[in-house]
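Participant: Structural data only, the sequence is not supplied:
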């Protein structure tokens, strides 16, 4: 059949890539090992470095299959959120679901949005493509004319995606329109624009009768139809070359769904890279750092500025971050001058000399970012602002300034998400990003911030304790969370109490589970802390119409993860029997010590010196591993019971029943 012949030809020419390519690099091997161990911080680090999350090792294991097989639920969640591919209709996807260690992981895999795993940037590209037809709010600042039709477009997108307009707009930022030659059909212009805006490739110009050859070689086969199609193809090729597109629309790819999908993903990655370069060189490089009381003196022309921006976002720095040495200076790209104010003269903002002897009185600074409404409306907050009758939605000669109540680093992370989808969120800013995302109605960014907290703030710890009441032992990976004085309450990069309150305020169940698990694994450090007692009391008060004896959600979760920590949820450990046997052995040992047992009265069997001693030593060695294991389980059981008793004592002091 023709379609099968086309697919076979594509496979033979290696145009169709393997969805899970073999990766034998050292970095991927280390990533696979971290997935096997369930090391969340290390896995997050490799993902941030750009490791191939859908690769496979020499044993045909992908990171997601290993995490599912080994039962690391949080890691499976992290990999899915990061774009791990697990489509149910593929071999690797079915294998991942079938090999899941427990139903909890299997349910997560089955319920996950697999359109997002097959294309992690699907929401970003969907927004870009929607800009072509969106009229409310109005975000266009450039018009492309051809014949009797005109297309409202966006300068920043053309400047980042096409080398031709990048040069034209750099020479003349105020350029408002451009006319295409009349020889290029309107259909060809529409196809190229859909390609630039990452819209679906048209298939109505391709028919099975054309086989694997574009229509431009079949002119005249149909009465007028083939000639028209050939003209459209030639127009697409001409316009793509003029704009300097690396990879234009391909009619051959439209005939095969898999190849068309692969080409779209390639173009999506190329667009992300181009927009990332634009974001760095035009937005971050042109940000203005100025005294807060001088911010109104910074004026940017609406239709003529180096970033092609149509609004300024302002973020004030916290009071404790100022340095009097650089207060009042304006930071921007090399060679960039603060834009012309209303009077037509360049404004130069100098440091205040009156505060040199009083660093504590240094004026507050703010950072101004030139941005684009077309990308800000990914947030429902900005979409409503620019759609209504608000002042910010009205056109003005100079860019309007909008103040966002976050710090500049947090605003940069929010803008990074809006423009290029995947910000690397440091743990120290994760909570602020979480609140900012909630304020701006960015649910996906809220999920990414919660993911960063639960992954980076989740150091692995040992579960076996040397003695009852001994402090929690930390692995080398968790030493960054511990101060030299071994005081984790002061050295943690993020306050677990703030995490709990954020989870309650913003209703993020994932953070509630993380906080409960974290507290359970560090309960020795928190059980006597008055702030922890206040947290338990607050959790109890969250239940409406609380009865005299009722559950405390946070405490129930802590008990659950505490059982997980000491492995007491599995019935085959038989720790109760082990403790009873240990008590009986202690009693027998006491009798032997008084000289009443037979073992002290009898001589060793075969007691000819060294042979008997050797046999006794051999027998002792064979029993030693079991003894060590039993001692470890017994120690864990005692430690677990002590923590439970402390919880009960705490509840009595708080006069709570749960």
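Facilitator: Thanks, I have it. Just so you know, these numbers come straight off a predicted model, no measurement behind them.
Participant: And the contacts of the one helix or strand residue 77 maps to?
Facilitator: Element membership of residue 77, judged by DSSP states H and E, is helix 73-81. Applying C-beta atoms under 8 Å, 6 or more residues apart in numbering, the set of residues contacting helix 73-81 from outside is 35, 38, 40, 43-44, 47, 53, 63-64, 67-68, 86, 104-105, 108-109, 112, 117, 447-448, 451, 454-455, 458, 510, 514. For the C-beta atoms, the positions are set from N, CA and C on the backbone; glycine is no exception.
Participant: Could you do stretch 267-278 as well?
Facilitator: Contact partners of stretch 267-278, identified using C-beta under 8 Å, 6+ apart, comprise 119, 121, 124-125, 128, 156-157, 159-161, 195, 198, 246-247, 419-421.
Participant: Averaged pLDDT, that stretch. What do you get?
Facilitator: The predicted model assigns stretch 267-278 a mean pLDDT of 94.
Participant: helix or strand right after the helix holding residue 77?
Facilitator: Sequence-wise, the next helix or strand downstream of helix 73-81 (DSSP H and E) is helix 91-98.
Participant: Show me what that next one packs onto, helices and strands only.
Facilitator: For helix 91-98, the packing partners by 3 or more C-beta pairs under 8 Å, 6 or more residues apart in numbering; DSSP states H and E come out as helix 63-70, helix 103-111.
Participant: Export these to TSV and append columns for mean neighbour count and mean pLDDT.
Facilitator: Putting the helices and strands packed on helix 91-98 into TSV (neighbours: other C-beta atoms under 10 Å; pLDDT from 0 to 100) gives the following:
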stretch	mean neighbour count	mean pLDDT
helix 63-70	25	91
helix 103-111	14	84
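Participant: Tabulate these (CSV), appending distance to residue 302.
Facilitator: What follows is these, written out as CSV (distance: least, C-beta to C-beta, whole Å):
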stretch, distance to residue 302
helix 63-70, 48
helix 103-111, 46
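Participant: picking up where we left off before, from the contacts of stretch 267-278, which land in helices?
Facilitator: 124-125, 128, 156-157, 159-161, 195, 419-420 (DSSP state H).
Participant: Whichever of these end up buried, select them in ChimeraX.
Facilitator: In ChimeraX, this line selects whichever of those come out buried by 16 or more other C-beta atoms under 10 Å:
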select :124,125,128,156,157,159,160,161,195,419,420
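Participant: Mind listing residues that contact the helix or strand that contains residue 31?
Facilitator: Assigned by DSSP H and E, residue 31 belongs to helix 26-37. Under the contact criterion C-beta under 8 Å, 6+ apart, helix 26-37 has outside partners 42-43, 46, 49, 51-52, 55, 57, 61, 63, 66-67, 70, 72, 75, 79.
Participant: residues of that helix that come out buried?
Facilitator: 28, 31-32, 34-36.
Participant: And those, which is closest to residue 521?
Facilitator: residue 34 (18.7 Å; C-beta to C-beta).
Participant: where does that closest one land on pLDDT?
Facilitator: On pLDDT, residue 34 comes in at 93.
Participant: related to what we said a few turns ago, mind checking the helices and strands packed on helix 91-98 for the one nearest to residue 167?
Facilitator: So among those, helix 63-70 is nearest, using C-beta to C-beta, at 42.2 Å.
Participant: Hmm, residue 169 is touching residue 155, no?
Facilitator: Yes. Using C-beta atoms under 8 Å, residue 169 makes contact with residue 155 at a distance of 5.8 Å.
Participant: Check the contact lists of these two and give me the overlap.
Facilitator: Contact criterion C-beta under 8 Å, 6+ apart; residues bridging residue 169 and residue 155 by contacting each: 175, 308.
Participant: Which one's more surrounded, the two?
Facilitator: For the pair residue 169 and residue 155, the greater number of neighbours falls to residue 155 (24 against 20), based on other C-beta atoms under 10 Å.
Participant: thinking again about what came up before, got a quick PyMOL command for the buried subset of the contacts of helix 26-37?
Facilitator: Buried residues within these, by 16+ other C-beta under 10 Å, are selected in PyMOL with:
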select buried, resi 42+43+46+51+52+55+57+61+63+66+67+70+72+75+79
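Participant: So which residues of the stretch 101-250 of the chain form helices?
Facilitator: Ranges of helices in the stretch 101-250 of the chain, per DSSP state H, counting those that start in this stretch, are 103-111, 114-118, 122-130, 155-161, 163-171, 186-196, 225-243.
Participant: so what does the helix or strand harbouring residue 45 touch, helix or strand wise?
Facilitator: Using DSSP H and E, residue 45 sits in helix 40-49. Secondary structure elements in contact with helix 40-49, counted by 3+ C-beta pairs under 8 Å, 6+ apart, are helix 26-37, helix 73-81, helix 443-456.
Participant: buried residues in the last one?
Facilitator: Within helix 443-456, the residues scored as buried using 16+ other C-beta under 10 Å are 445-446, 448-456.
Participant: For that helix, which outside residues touch it?
Facilitator: By C-beta under 8 Å, 6+ apart, helix 443-456 touches 40-41, 43-44, 74, 77-78, 81, 123, 414, 417, 422-423, 425-427, 430-431, 433-434, 436-438, 494, 499, 506, 508, 510-511, 513-514.
Participant: Apply 6 Å and report the result again.
Facilitator: 40-41, 44, 78, 81, 417, 425, 427, 430, 433-434, 437-438, 508, 510-511, 514 (C-beta atoms under 6 Å, 6 or more residues apart in numbering).
Participant: State the mean pLDDT of it.
Facilitator: The average pLDDT for helix 443-456 rounds to 90.
Participant: With stretch 147-164 instead?
Facilitator: Model confidence over stretch 147-164, given as mean pLDDT, is 92.
Participant: ok, now stretch 529-548?
Facilitator: Mean predicted confidence for stretch 529-548 is 83.
Participant: Which strand or helix spans residue 366?
Facilitator: strand 365-371.
Participant: what comes into contact with that strand?
Facilitator: Residues from elsewhere that reach strand 365-371 (C-beta under 6 Å, 6+ apart): 286-289, 291-292, 295, 307, 309, 311-317, 408.
Participant: any idea how the chain splits into domains?
Facilitator: 2-120, 126-279, 286-428, 459-593+608-658 (automatic domain parsing).
Participant: By mean pLDDT, show me the worst of those domains.
Facilitator: Least confidently modelled of these is domain 459-593+608-658, at a mean of 68 by mean pLDDT.
Participant: Could you measure from residue 294 over to residue 314?
Facilitator: Using C-beta to C-beta, to the nearest Å, residue 294 is found at 12 Å from residue 314.
Participant: swap that for residue 73, sorry
Facilitator: From residue 73 across to residue 314, the span is 41 Å (C-beta to C-beta).
Participant: now residue 415
Facilitator: In this view, residue 415 and residue 314 are 12 Å apart by C-beta to C-beta.
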